[in-house]
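Engineer: Dropping the sequence and predicted coords here.
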Amino acid sequence: MNSLIRSGVGYFLSASKQNVRLLSNIATKPDFNKIVNNNKVVVFMKGVPEKPGCGFSNIVCRILKMHGVQFDAHNVLENEEIRNGIKEYSNWPTMPQIFIAGKFVGGCEILMKMHKGGDLIEELKKVGIESELLKQEKK
């Protein structure tokens, strides 16, 4: 009987330790709503703008640079919680991921289409960013 009680107590103790671990993990998860609304343009990418870690991240950085956009960049290679969490948050499986005014725009291919079609200039205007390409065109 005593061994049954001890094993039951052991079960509850180990279960409560797991709950504490799970709760502590929840508390440390990044607040993606806050992150994507922290700046007008936010990019989750492999590497950093000065040294992109993949060709797609490089293309996104070059497009944004052409437009003169200053953006918050988050290197997903440095933090697994950010890398996995942003995929879940946006429901998009690949990097880079671009957010404008807190809204998910898409990845590299979508940004390229927006750039080529002129839609990126319009989206940037909506958040108060005048594209450098538009300024040059006006001259």
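Structural biologist: Arrived safely.

Engineer: Give me the buried positions along stretch 67-87.
Structural biologist: In terms of neighbour count (16 or more other Cβ atoms under 10 Å), stretch 67-87 has its buried residues at 67, 69, 71, 73, 74, 75, 76, 82, 83, 85, 86, 87. Just so you know, the C-beta spots here come from the backbone N, C-alpha and C atoms, and that holds for glycine as well.

Engineer: Pull up the distance across it, start to finish.
Structural biologist: The straight-line separation of the ends of stretch 67-87 (Cα to Cα, to the nearest Å) is 26 Å.

Engineer: does the residue most central in space within the chain sit in a helix, a strand or a coil?
Structural biologist: The chain has residue 44 as the residue nearest its centroid, 3.9 Å off, counting by Cα atoms, centre = their mean. Reducing the assignment at residue 44 to three states with DSSP: H, G, I helix; E, B strand; the rest coil gives strand.

Engineer: wait, doesn't it sit right on residue 82?
Structural biologist: Yes - the pair residue 44 and residue 82 passes the contact test of Cβ atoms under 8 Å, sitting 7.1 Å apart.

Engineer: can you map out the helices along this structure?
Structural biologist: Secondary structure of the chain (DSSP state H): helices at 2-28, 32-36, 55-66, 80-90, 108-117, 119-126, 132-138.

Engineer: so where is the chain shaky, pLDDT-wise?
Structural biologist: Judged against pLDDT under 70, the low-scoring parts of the chain cover residues 1-28.

Engineer: Could I get the contacting residues of residue 29?
Structural biologist: Under the criterion of Cβ atoms under 8 Å, 6 or more residues apart in numbering, the neighbours of residue 29 are 81, 85.

Engineer: Look up how far residue 118 lies from it.
Structural biologist: With distances taken as Cβ to Cβ, to the nearest Å, residue 29 is found 37 Å from residue 118.
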